[in-house]
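Undergrad: build me a model from this:
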Amino acid sequence: MRPSAWLLLALLPAMGHAQGLTVSPITVRVPASEPQASVRVANHGQAPWPAEAHLYVWRQEDDADHLEPADDLALSPSRFDIAPGGEQRLRVVRLGAPPAREERAYRLVIEQRRGDAPASPALLRYSAPVFVLPDDTLPSRPVLVAEVVADAAGERLRVRNPGPLHARLADLAFVDATGHRQALYADLAGYVLPGQARSWALPTRAGGYAGGRFLARLNALGEAELAPPAPASP
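TA: Numbering: from 1, shown residues only. Alright, predicted model coming up:
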């Protein structure tokens, strides 16, 4: 894999509703029982929206998200124009068999076509997660392992996802031994893909983080505790 083919995901804002454009669903899932999923892109603005769309394999490495062109998913159409008040349906098509046990992660990127956008504003670009589901039944929510680690910059919360299902963390918080709650990351903190780990910088606390617990909303299913690592075997 050539590093030059990777795109930093941090450069791509999330999809939703911006600049008169809406994309739904925000999270795309291709089930094992069906080879495709549908995505609706609507233009609520007053000007045409010329666009092109691409699919990328989504990987996490060295505590960062990376994208590379996907060759096992297809997108139709990949180039389109949406009139004011109009919409476009996209099909995300799985080209092979579904994965056996663990979901596969991708990103759908939709951007204004270069050369068609007005000269003054910057080109608009949006990104949304795409998950291809496996044959095996997935758990209802991920089970994560969290620990506080230290580096030259200070303490960080390292979260590992050993399971087959991605984890979307939001409203990350710490509750100390007395029950006092401290908000750490409001709204979306980020994703941890299956078999991967991510970390977040922690603010300095007078009492540190020993004896407390970390909580987060996982995959919009309600709040859950992030489990500490299992003790090492003697």
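
Undergrad: and residue 148, how many neighbours?
TA: Other residues lying near residue 148 total 17 when counted by other CB atoms under 10 Å. (C-beta placed from N, C-alpha, C; glycine too.)

Undergrad: before we move on, what about the one 4 residues further on?
TA: By the measure other CB under 10 Å, the count of residues near residue 152 is 4.

Undergrad: what's the spacing between it and residue 204?
TA: 14 Å (CB to CB, to the nearest Å).

Undergrad: same check, this time on residue 127
TA: For residue 127, the distance to residue 204 equals 33 Å [CB to CB].

Undergrad: doesn't residue 100 fall inside a helix?
TA: No: read with DSSP: H, G, I helix; E, B strand; the rest coil, residue 100 is coil and lies in no helix.

Undergrad: adjust the sequence numbering to begin at 501 for everything that follows.
TA: Taking 501 as the first residue, the last one we looked at is residue 600.

Undergrad: now do the contacts for the nearest residue to residue 655 once chain neighbours are set aside.
TA: Among residues not flanking residue 655 along the chain, residue 702 sits closest, at 4.5 Å (CB to CB, 6 or more residues apart in numbering). Contacts for residue 702 (CB atoms under 8 Å, 6 or more residues apart in numbering) come out as 648, 654, 655, 656, 657, 674, 684, 709.

Undergrad: ok, residue 716 next?
TA: Residue 716 is in contact with 669, 670, 671, 672, 673, 689, 723, 724, 726, counting by CB under 8 Å, 6+ apart.

Undergrad: and if we set it to 6 Å?
TA: Contact analysis of residue 716 by CB atoms under 6 Å, 6 or more residues apart in numbering lists 669, 672.

Undergrad: now do residue 591
TA: So residue 591 contacts 536, 576 (CB under 6 Å, 6+ apart).
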